[in-house]
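> attaching a predicted model along with its sequence, questions to come.
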Number of protein chains: 2
Amino acid sequence: MTVDRGTRPARRPVPTTRAHEDDLTPAGVDGGHGARPVPEATVARLAVYLRVLTTLLGEGRGTVSSEELAAAAGVNSAKLRKDLSHIGSSGVRGVGYDVSRLTAEVEATLGLTRPHAVALVGVGNLGHALAGYGGFAQRGFPVAALFDVDPALVGTTVDGVEVEHADSIPRVCAERGVTIGVVATPAPAAQQVCDHLVAAGVRSILNFAPTVLVVPAGVEVRKVDLAVEMQVLSFHVARRHGTVPAAGPAATPRQTPREAVSR
Amino acid sequence: MTVDRGTRPARRPVPTTRAHEDDLTPAGVDGGHGARPVPEATVARLAVYLRVLTTLLGEGRGTVSSEELAAAAGVNSAKLRKDLSHIGSSGVRGVGYDVSRLTAEVEATLGLTRPHAVALVGVGNLGHALAGYGGFAQRGFPVAALFDVDPALVGTTVDGVEVEHADSIPRVCAERGVTIGVVATPAPAAQQVCDHLVAAGVRSILNFAPTVLVVPAGVEVRKVDLAVEMQVLSFHVARRHGTVPAAGPAATPRQTPREAVSR
DNA sequence: CCCTGTGAAGCGCTTCACAGCG
DNA sequence: CGCTGTGAAGCGCTTCACAGGG
């Protein structure tokens, strides 16, 4: 349904509340059958469960309980069971989950039954490290193409893949069936690179550049921002030390008292 | 992005309710009572606002409206205003926010008024790239120490910082007042490294290793897991291609509310 | 008018607690 | 009995809509 807020023109709808379109009866509806969407939060955790399951498989474990799997994944067991219920999994009561079967179910849900060709744009400091990161190909995400604009890099190969000029993005991505793009360029170049990837048909993008990427509806962007991560940690450091200053001119008399420990 | 708020200490699976209040905190962001905590989700966005504000400052902008700032940060304006209300900010009605003042307020809230010494453990592929990533020092997070266990790396310098053996973590971290640790080791080593950091007094950790770190209460862990990010994208690719119900070729009924701004 | 700040409603995720099956 | 699957309650974040100051 294409969100597109931001262009909202002062929203002057009918005076009263918006007509409710949900006929959800509170009690028994159960959401109907089938088309139950997997919550976004669940999807991220499925990937974590999968990692644990892979380890268990390697150890030859046949079954695993929700309690054990949850502990290994760092969540509580109720959440894990709820997550698995979203993918229609079937454990055995009194026993647990069949490891190999659950592994297959999670992989199927995550769309990992076949590889996804990845294009990585920006072979600088970080990009180079990402390209060399074995975890990609190993987990079903072969790096099918590398791009940069630096003439000193174009033509070189990283881990057996040739670096091509960013101008080739449309052609190369189409040729190699790239479905996922990774942006590891400096911030100023990121939006343009993103636009090229989208034009090339890439609908899923992982953004390492410290910029908000604007994309059309239907394109999924996830971002990894090191500065944000560090600053969030900084916030917690400051909070612990009680040094969170109340901003403003003598306003906000409330001050976080010391002894505020959590997590 | 992989936020993972609330890393649970993975306590023993006690069947019934826990009677001990030993160390588990009541799941709030704020330990003390009364003080209105800044929501975790808000903290992450403040970092994004700050980046935009810094740009605006550089352009000499004096004021900015919530609408404009929100658009640049990829959120809607109501959310932005709510976020700013949590830090006790004060805009001017009919005008907007004073850019330099708001910048200072956000920085103060995030605890960026003074630098945070960072220790980076694991100077491999990724770790090396992170160490060389200018964004760290530039944004107030000087890399004060580098550690590894590889004899071939120990003794070398990266970006002017000497790589020391991981055994030195406690001493060096204490000496240099490290408050934030970054774990960029292979998965098997991560937990041990984490334990050392915690023992050295580090209370905030950014984890790049694909493992769940178990830490005592009071230690904040954020994780960045590339495999998880890729697999989440894979899920959306699969969903689009009809492996999972609910999507037609034209209208995606359940589009994740990412930024979909037209400009 | 323009904009901010905010109570209140809405929504989704988390947690609880237990029914129910092996 | 042990353990899964799930209704229902709980909680926090998001969104709405408007009061109110400049």
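Great, that's in hand.
> and the longest helix for chain A?
In terms of residue count, the longest helix belonging to chain A (DSSP state H) is helix A:40-58.
> what sits opposite the closest residue in space to A:Thr63 that isn't next to it in sequence in the beta ladder?
Excluding its sequence neighbours, the residue lying closest to A:Thr63 (Cβ to Cβ, 6 or more residues apart in numbering or on different chains) is A:Gly96, at 4.5 Å. C-beta coordinates here come from the backbone N, C-alpha and C atoms, glycine included. Judged by DSSP bridges, the bridge partners of A:Gly96 are A:Val92.
> thinking again about what came up before, mean confidence for the longest helix of chain A?
Helix A:40-58 shows a mean pLDDT of 98.
> is it up against DNA strand C anywhere?
Yes - Helix A:40-58 reaches DNA strand C (Cβ under 7 Å from any atom of the strand) through A:Glu40, A:Ala41, A:Thr42.
> enumerate the residues of chain A near DNA strand C.
For chain A, the contact set with DNA strand C under Cβ under 7 Å from any atom of the strand comprises A:17, A:22, A:39-42, A:75-76, A:78-79, A:81-82, A:92-95.
> ok, and which of the residues you listed reach DNA strand D?
Applying Cβ under 7 Å from any atom of the strand, the subset of the residues of chain A next to DNA strand C adjacent to DNA strand D comprises A:Thr17, A:Ala78, A:Arg81, A:Lys82, A:Val92, A:Arg93, A:Gly94, A:Val95.
> name the nearest of the residues of helix A:40-58 next to DNA strand C relative to B:Arg239.
A:Glu40 (11.2 Å; Cβ to Cβ).
> where does pLDDT dip in the stretch 151-263 of chain A?
Where the stretch 151-263 of chain A drops to pLDDT under 70, the residues are A:243-263.
> quick one: the strands in it, in order.
Assigned by DSSP state E, counting those that start in this stretch, the strands in the stretch 151-263 of chain A fall at A:157-158, A:161-165, A:178-183, A:204-207, A:220-223.
> now these as TSV including mean neighbour count and distance to B:Asp195?
Compiled in TSV, the strands of the stretch 151-263 of chain A are given as follows (neighbours: other Cβ atoms under 10 Å in any protein chain shown; distance: least, Cβ to Cβ, whole Å):
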stretch	mean neighbour count	distance to B:Asp195
strand A:157-158	14	34
strand A:161-165	17	37
strand A:178-183	26	32
strand A:204-207	24	30
strand A:220-223	22	30
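> which of the residues of helix A:40-58 next to DNA strand C come close to chain B?
Residues of the residues of helix A:40-58 next to DNA strand C in contact with chain B (Cβ under 8 Å from any Cβ of the partner chain): A:Glu40.
> by neighbours, which of the residues of helix A:40-58 next to DNA strand C wins?
Counting neighbours by other Cβ atoms under 10 Å in any protein chain shown, A:Thr42 leads those with 20 neighbours.
> pretty sure that one contacts A:Asp83?
Yes - using Cβ atoms under 8 Å, A:Thr42 is in contact with A:Asp83, at 4.6 Å.
> neighbours of the spatially closest residue to A:Ser204 that is not a sequence neighbour, how many?
Nearest non-adjacent residue to A:Ser204, counting by Cβ to Cβ, 6+ apart: B:Leu233, 4.0 Å away. Using other Cβ under 10 Å, B:Leu233 is surrounded by 27 other residues.
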